[in-house]
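Student: Predicted model, plus sequence, below.
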Amino acid sequence: MNELMEVCKKYKVPIACVAVCLMLSIIVFRLMSSNEEDMPMEAYEPKAYEESSDEAPNEPQAESQTIMVEVKGAVKYPGVFEVPEDARVKNVLEMAQIKGNADLLTVNQSMKLKDEQVVYVPAVGEEITEGPVNQTEEGEETKALVNINTADVDELTTLNGIGEKKAQLFLDYREENGLFMKLEDIKNIPGIGDKTFESLKPYITIDE
């Protein structure tokens, strides 16, 4: 304090001014301390991120069922395809990729597929005696298969592309070689190749 008085005398600073400055400093210091004490703790703590609870929890989705369908005829990749149970003929034909000579006028592409169904796509100019393939799903009648081991000429000629001459070749084959052991054996008959066999396969049998 004495040193402060000496400084004031040396520089001729009024003691009253010094006292006022000291008082103002004390008041400002106390006001700042008071504001810091009154400030709530939440002001210093960062707010935790709260995840929105509006979204519904993920529910397990039911697995879609599939069916097996075979495609034959004028397609690039004939064979068996696994497709959703609500698939249409058009969907499986896109997988099999139809050839340029395919006759789609005989195929109902909007028909819903069924398990173990066979879709046959004929070539342009190929005769299909059964009418449009897969034309209808309701009211469909099951046509009896032709047993190539017991059928006579009249029964064999009901098959697509089989006239009386070819039907007689079936009978000749049975007389010379015995019964057909498998469906593929008809390819041993002159004039019946892979293409004709594929068109006949859905409509013939060797079972009693």
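Tutor: That came through fine.
Student: all helices for this structure, in order.
Tutor: Using DSSP state H, the helices of the chain run over residues 2-11, 15-38, 89-96, 153-156, 164-177, 194-200.
Student: Show me how the protein divides into domains.
Tutor: Here the domain parsing of the chain from automatic domain parsing is 2-36, 65-136, 144-208.
Student: Surely residue 86 is in contact with residue 112?
Tutor: Yes. The criterion here is Cβ atoms under 8 Å, and residue 86 meets it with residue 112 at 6.9 Å. C-betas here are computed from N, CA, C, even on glycine.
Student: which neighbours do the two share?
Tutor: The contact sets of residue 86 and residue 112 do not overlap (Cβ atoms under 8 Å, 6 or more residues apart in numbering).
Student: on that earlier part again, Serialize the domains of the chain to JSON lines and add fields for mean neighbour count and mean pLDDT.
Tutor: Listed next are the domains of the chain as JSON lines, based on neighbours: other Cβ atoms under 10 Å; pLDDT from 0 to 100:
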{"stretch": "domain 2-36", "mean neighbour count": "10", "mean pLDDT": "61"}
{"stretch": "domain 65-136", "mean neighbour count": "16", "mean pLDDT": "83"}
{"stretch": "domain 144-208", "mean neighbour count": "15", "mean pLDDT": "90"}
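Student: show me the contacts for residue 182.
Tutor: Counted by Cβ under 8 Å, 6+ apart, residue 182 has contacts residue 206.
Student: Could you tell me the phi and psi values at it?
Tutor: phi -150, psi 160 (degrees, to the nearest 10).
Student: And it, how close does it get to residue 148?
Tutor: Counting by Cβ to Cβ, to the nearest Å, the gap from residue 182 to residue 148 is 11 Å.
Student: Give me the common contacts of these two.
Tutor: Common neighbours of residue 182 and residue 148, using Cβ under 8 Å, 6+ apart, are residue 206.
Student: The closest residue to residue 103 other than its chain neighbours and residue 161: what is the separation?
Tutor: Among residues not flanking residue 103 along the chain, residue 124 sits closest, at 4.6 Å (Cβ to Cβ, 6 or more residues apart in numbering). Distance of residue 124 to residue 161, computed by Cβ to Cβ: 15 Å.
Student: And residue 70, by the same measure?
Tutor: Distance from residue 70 to residue 161, by Cβ to Cβ: 20 Å.
Student: Could you spell out the sheet neighbours of the longest strand along the chain, each with its direction?
Tutor: In the chain, assigned by DSSP state E, the strand with the most residues is strand 66-73. Strand 66-73 sits in its sheet next to strand 79-84 (antiparallel), strand 117-121 (parallel), going by DSSP bridges.
Student: just to revisit the earlier point, OK, contacts around the residue nearest to residue 103?
Tutor: 101, 102, 103.
Student: Nearest to residue 80 among those?
Tutor: When these are compared for distance to residue 80 (Cβ to Cβ), residue 102 wins out at 18.8 Å.
Student: Would you list the phi and psi of the closest residue to the closest one other than its chain neighbours?
Tutor: Counting by Cβ to Cβ, 6+ apart, residue 74 is the residue found nearest to residue 102 once chain neighbours are left out, at 3.9 Å. When read as degrees, to the nearest 10, the backbone of residue 74 gives phi -80, psi 70.
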